[in-house]
Structure formats: C-alpha cells, structure tokens
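Peer 1: quick check, what structure comes out for this input:
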Amino acid sequence: MLKDKIAVVTGSSGGIGKAIAIAMAQKGAKVVVNYSSSEEEALEAVEEIKKYSDGIAIKANVASESDMQNLIDVTIDNFGRLDIMVCNAGIQVDSPFLKMDLTQWQKVIDVNLTGQFIAMNLAAKQFMKQETVKGQIRGNIIAISSVHDMIPWAGHVNYAASKGGVLMLMKSVAQELAPLGIRVNAISPGAIQTNINKSAWSDSENMEKLLDLIPYKRIGQPEDVAKAACWLASSESDYIIGETTYIDGGMMLYPEFADNG
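Peer 2: Residues are numbered from 1 along each chain as shown. You can find the predicted model right below:
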C-alpha cells in the first residue's frame, strides 16, 4: 500500500503518532520518527519500525521552523525524498478560562496550530522540489486533529481553539495545493487510549463516564487511527481532498440527545 514511500510522523515517539509510524512501516513505508524530548522512546519506535521497513529518529520542536527544516533536510539526506507528512504532534495545558494565562494559551497554539502550519508548509515546499512520475501525486499531508475541532470543551479552550484552527488550516491549504498535485486531509480522533488522557480511563468510574460519550461503547485504540492514516496516505483514497475523518466511536453524534434530549 505504501511501498517505498518516505513518511515523516511528527510527535511519534508514543501514542497515536507511534502507532501511525509503525503501521506505515508495516505497509512498506520508510518512516522518520520525530520526537521533542524522549530519545529513548523514539529509538524504541524505530526498533519496532525496522522489523518491517527502515526508519530513523530525529529530534525537532515542531514549533521551530529551523528545527523542522533540519528534520526535512536530514530526511532527504537519508532517504532522498519525502512523500508523506503526518502532522501529529500536540499537547494539552489545561486550565479554567478565568485562570488561564497567556503563556498557557500560547504554548498550546504554538505546538498544535503553528506547528502544523510549519510542518505542512515545509513539506509542501519539499514536494514541489521533487521530480514526480506523470499521473502520480507530488505528496500527501495528513493533519491529526481532534473531535474538539467541532465540539466545544470548557476548561480546555486553548486546545479546542487550536484544533478548530487546524480544521480551517487543513481545508484552506488543501484548496490551494490540490491543483499542484498535493493531497491534504485530516483525521480527528475522539477518545483514544493514550497517556495524554490517562485520567479519563485509568479507573472504572472515569471509564464509565467516558463511555457515556461514546455510542459504540468502547474507547478507541491508537491503531484505529493508524489504519485510517495509512489509507489516507495511499492511492486508495486518491479522490479525497480537504476532508476530515472522525475516528470517534460515534462521539460526534452527540449521544446526549439519543433519548430526545
């Protein structure tokens, strides 16, 4: 499905990003694992990737244009080209709105929104430099967002605002780059079982509350998102441009209204 494609997955030393990186390797891609702090976890991801394909780990702060340009440059030095950019890196810095300060706001916007802009921008520029085979696309960009690009989230306004921004960033970039042969889409996960939301599923009482928000009555796994990412990165989804795929067990169906409110 992705044989000999070169993929960069930002924030892929753990969680959803790691699952995407490994799944793409299983489909034949050579994968660059991007990390910001934990080299040990990134190298563990690369070790898993190498069971199926080839991969390397590169440290880069996605909110730094110079770091990300170096990531692209090292990718090209090692693999010769770039085919897929998965913009996955994201953080939460939670606070009630009346107690949130500008530093908390800016940190999340810098990583979750500006970081995606930088990754998309540099990837697209690299795609345009590369030779392409007639009839094939220049490159593929996948933004990993959240159901909170549509669902408001009190106590998390910086996070929700960043994901709402990703929605329009993705669509606007997709509109502009589609005529150039670059496909841009997004995946918005719902509740996925990772460390970032461990408090929501780590005990039975919290899990029960969480499942009330999920019509399908199970929490998602990173692999659920990874399967969709592989498909969006492949030629099987070639006619899909500027769309968001919600991987959420039905959370976007607003289950609070299932009994007529």
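
Peer 1: show me where the stretch 1-150 of the chain has its helices.
Peer 2: With DSSP state H, counting those that start in this stretch as the criterion, the stretch 1-150 of the chain has helices at 15-26, 39-49, 65-79, 102-109, 115-129.

Peer 1: out of these, which one sits most buried?
Peer 2: Of all these, helix 15-26 carries the top mean neighbour count, a mean of 26, counting by mean count of other C-beta atoms under 10 Å. Quick note: C-beta positions are derived from backbone N, CA and C, even for glycine.

Peer 1: chain neighbours aside, what residue packs nearest to Ser38?
Peer 2: Ser13 (5.2 Å; C-beta to C-beta, 6 or more residues apart in numbering).

Peer 1: quick one: residues contacting that neighbour.
Peer 2: With contacts defined as C-beta atoms under 8 Å, 6 or more residues apart in numbering, Ser13 is in contact with 33-35, 38, 41-42, 44-45, 57.

Peer 1: wait, Glu48 sits on Ala23?
Peer 2: No - counting by C-beta atoms under 8 Å, Glu48 does not reach Ala23; the two are 10.6 Å apart.

Peer 1: and Pro179, how close does it get to Glu48?
Peer 2: Taking C-beta to C-beta, to the nearest Å as the measure, Pro179 and Glu48 are separated by 38 Å.

Peer 1: ok, now Ser202?
Peer 2: The gap separating Ser202 from Glu48 is 24 Å, by C-beta to C-beta.

Peer 1: now do Ser145
Peer 2: 25 Å.

Peer 1: kindly report the same for Thr75.
Peer 2: Counting by C-beta to C-beta, the separation of Thr75 from Glu48 is 19 Å.

Peer 1: do the same with Val8
Peer 2: 17 Å.

Peer 1: also Gly249?
Peer 2: According to C-beta to C-beta, Gly249 stands 26 Å off from Glu48.

Peer 1: got it, and Asn88?
Peer 2: Counting by C-beta to C-beta, the gap from Asn88 to Glu48 is 16 Å.

Peer 1: repeat that for Pro215.
Peer 2: Separation of Pro215 from Glu48 (C-beta to C-beta): 32 Å.

Peer 1: likewise Cys87?
Peer 2: With C-beta to C-beta as the criterion, Cys87 and Glu48 are 21 Å apart.

Peer 1: likewise for Glu223?
Peer 2: Separation of Glu223 from Glu48 (C-beta to C-beta): 13 Å.

Peer 1: you'd agree Asn206 is in a helix?
Peer 2: Yes - per DSSP: H, G, I helix; E, B strand; the rest coil, Asn206 lies within a helix segment.

Peer 1: need the contact list for it.
Peer 2: Taking C-beta under 8 Å, 6+ apart, we find Asn206 in contact with 199-200.

Peer 1: how many residues are close by the residue nearest to Lys59 when sequence neighbours are not counted?
Peer 2: Leaving aside its sequence neighbours, Lys59 sits nearest to Tyr35 (C-beta to C-beta, 6+ apart; 5.8 Å). Counted with other C-beta atoms under 10 Å, the neighbours of Tyr35 add up to 24.

Peer 1: and Tyr35, what's its pLDDT?
Peer 2: In this model, Tyr35 is scored at 98, pLDDT.

Peer 1: isn't it right next to Asn61, touching?
Peer 2: No - counting by C-beta under 8 Å, Tyr35 sits too far from Asn61 to count as a contact (10.0 Å).

Peer 1: I figured Ile20 hits Ala226, correct?
Peer 2: Yes - the pair Ile20 / Ala226 is scored as a contact, 4.6 Å apart, by C-beta under 8 Å.

Peer 1: quick check: phi and psi on Val62?
Peer 2: phi -60, psi -20 (degrees, to the nearest 10).

Peer 1: how close does it get to Ser95?
Peer 2: Val62 is 22 Å from Ser95, by C-beta to C-beta.
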